[in-house]
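1. Here you go, sequence then predicted model.
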Amino acid sequence: MRVQIKRVYAEPAKGDGLRVLVDRIWPRGMTKEKAQVDEWEKELAPTAALRKWFGHDPAKWEEFQQRYLAELEDNPAVHSFLANHKAKPALTLLYGAKDEEHNQAVVLKRYFEKLLAKEPTKA
């Protein structure tokens, strides 16, 4: 599975595959029709407390990543999501943040890729 990230405000593309919003809050001004979201997986997003603490402050980025990865490690929704969708050829993680380098989708993408790389290959 190819995992990519994209702002939910960007134009959908054929190569997006399964489009999954990974924010706890629906993006401002975005309609469901325009977003073309296949699934909204709030439970994959950082907790409200972590999201508020981070506040998209790049100075907190390193610690945010560590805290969010700790949340993901303890989150059963991560493994069930991957188990249900690992056969899909492409997955696009959608996020609403303006900062394209410092957001939860960046961390989640890396985490998914790490988990997918650990899976045994089919012979």
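-> Perfect, I can see it now.

2. Assign a three-state SS to residue 20, would you?
-> Secondary structure of residue 20, reduced to three states by DSSP: H, G, I helix; E, B strand; the rest coil: strand.

3. Report how many residues lie close to the closest residue in space to it that isn't next to it in sequence.
-> Ranked by C-beta to C-beta, 6 or more residues apart in numbering and with sequence neighbours excluded, the top spatial neighbour of residue 20 is residue 39, at 4.8 Å. No exception for glycine: its C-beta is placed from N, CA and C like everyone else's. Neighbours of residue 39 under the rule other C-beta atoms under 10 Å: 14.

4. And the strands in the chain?
-> Secondary structure of the chain by DSSP state E: the strands cover 2-7, 18-21, 39-40, 90-95.

5. Looking at this protein, which helix is longest?
-> Taking residue count as the measure and DSSP state H as the definition, the longest helix of the chain comes out as helix 104-118.

6. Need the contact partners of that one.
-> With C-beta atoms under 8 Å, 6 or more residues apart in numbering as the contact definition, helix 104-118 has outside contacts at 1, 3-5, 22-23, 44-46, 51, 64-65, 68-69, 72, 78-79, 82, 86, 91, 93-95, 97.

7. CA atoms of that helix as PDB?
-> As requested, C-alpha coordinates have been extracted for helix 104-118 and formatted as PDB (Å, rounded to 0.1, in the frame of the first residue of the first chain):
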ATOM      1  CA  GLN A 104      -0.300  14.700  12.600                       C
ATOM      2  CA  ALA A 105      -0.700  13.300   9.100                       C
ATOM      3  CA  VAL A 106       3.100  13.500   8.600                       C
ATOM      4  CA  VAL A 107       3.600  11.400  11.800                       C
ATOM      5  CA  LEU A 108       0.800   9.000  11.000                       C
ATOM      6  CA  LYS A 109       2.100   8.400   7.500                       C
ATOM      7  CA  ARG A 110       5.600   7.400   8.800                       C
ATOM      8  CA  TYR A 111       4.000   5.200  11.500                       C
ATOM      9  CA  PHE A 112       1.800   3.400   9.000                       C
ATOM     10  CA  GLU A 113       4.800   2.900   6.700                       C
ATOM     11  CA  LYS A 114       6.800   1.400   9.600                       C
ATOM     12  CA  LEU A 115       4.000  -1.000  10.500                       C
ATOM     13  CA  LEU A 116       3.400  -2.000   6.900                       C
ATOM     14  CA  ALA A 117       7.100  -2.700   6.400                       C
ATOM     15  CA  LYS A 118       7.100  -5.100   9.300                       C
END
